[in-house]
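Colleague: Sharing a model prediction with you, sequence too.
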Amino acid sequence: PYLEQELDLNDYEAARVFFTRAAVPAVHHVTGHQECREVERHALYYPARKGCGTRLARLLAQQDEMAADDPRSPVCGSTIFQCDEIVLRLIDVRGGLDADPVLTLGLPDPRQAAELTTILDGAALKSGDLQHFLMLARMTLITDRRSSPAI
């Protein structure tokens, strides 16, 4: 009853088309070379302006690659998911999201932060209130699947 589009799960072709359209595929993954123990996994939603989803995903991926290799950064790894203007960022961080919102949100470079504010849809980040944007972007993880450590 909560779906925007009606779905008959008895019609296999209709279900396949529905779930194919609803998928948000992973477009980038990075894991840092630093030792990361006791990390927390968080999911963040970044709404992109129309036509800017790919650009936003690339920008976040570039920032995460730099952050994952920086021993001062709380970001140990990330996966970026993107479909049209929907951009999701799954990040593993040390110390929690609120410890350093600038680094956690991927905004250490002022030039890239300015670019990010131009391609985000909405005024949350434009106000400069990073804690407010972090609150709006935060998603609740329902499942969290991780690979077993290599033996």
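Modeller: Received the coordinates, thanks.
Colleague: All the strands of this structure, residue numbers only.
Modeller: 26-31, 40-47, 75-83, 86-93, 138-139 (DSSP state E).
Colleague: And the pLDDT for Ser147?
Modeller: As predicted, Ser147 sits at a pLDDT of 59.
Colleague: One more: Ala68?
Modeller: Among the per-residue scores, Ala68 holds a pLDDT of 82.
Colleague: can you tell me how far the nearest residue to it once chain neighbours are set aside sits from Gln63?
Modeller: Distances taken as Cβ to Cβ, 6 or more residues apart in numbering put Gly32 closest to Ala68, at 3.3 Å, once the chain neighbours are dropped. (Glycine included, C-beta is placed from N, CA and C.) Per Cβ to Cβ, to the nearest Å, Gly32 is found 13 Å from Gln63.
Colleague: just Thr31 next, same as before
Modeller: Relative to Gln63, Thr31 is positioned 15 Å away (Cβ to Cβ).
Colleague: who has more neighbours, the two?
Modeller: Neighbours were counted for Thr31 and for Gln63 using other Cβ atoms under 10 Å; Gln63 has more, 24 against 13.
Colleague: In this protein, mark out all the helices, start to finish.
Modeller: 12-22, 53-68, 101-104, 110-119, 130-137 (DSSP state H).
Colleague: Which of the ones you listed sits closest to Thr143?
Modeller: helix 12-22 (15.9 Å; Cβ to Cβ).
Colleague: ok, and for the closest one, which residues are buried?
Modeller: Phe18 (16 or more other Cβ atoms under 10 Å).
Colleague: now the angle between strand 75-83 and that helix, please.
Modeller: If you take axes from the mean of the first three to the mean of the last three Cα atoms, to 10 degrees, helix 12-22 sits at 130 degrees to strand 75-83.
Colleague: Which pLDDT does the model give Gln5?
Modeller: 66.
Colleague: where in this protein is pLDDT low?
Modeller: Scanning the chain with the threshold set as pLDDT under 70 gives 1-5, 33-34, 106, 122-129, 144-151.
Colleague: Show me how far stretch 22-34 is from its chain's centre.
Modeller: On the basis of Cα atoms, centre = their mean, to the nearest Å, stretch 22-34 sits 9 Å off its chain's mean C-alpha point.
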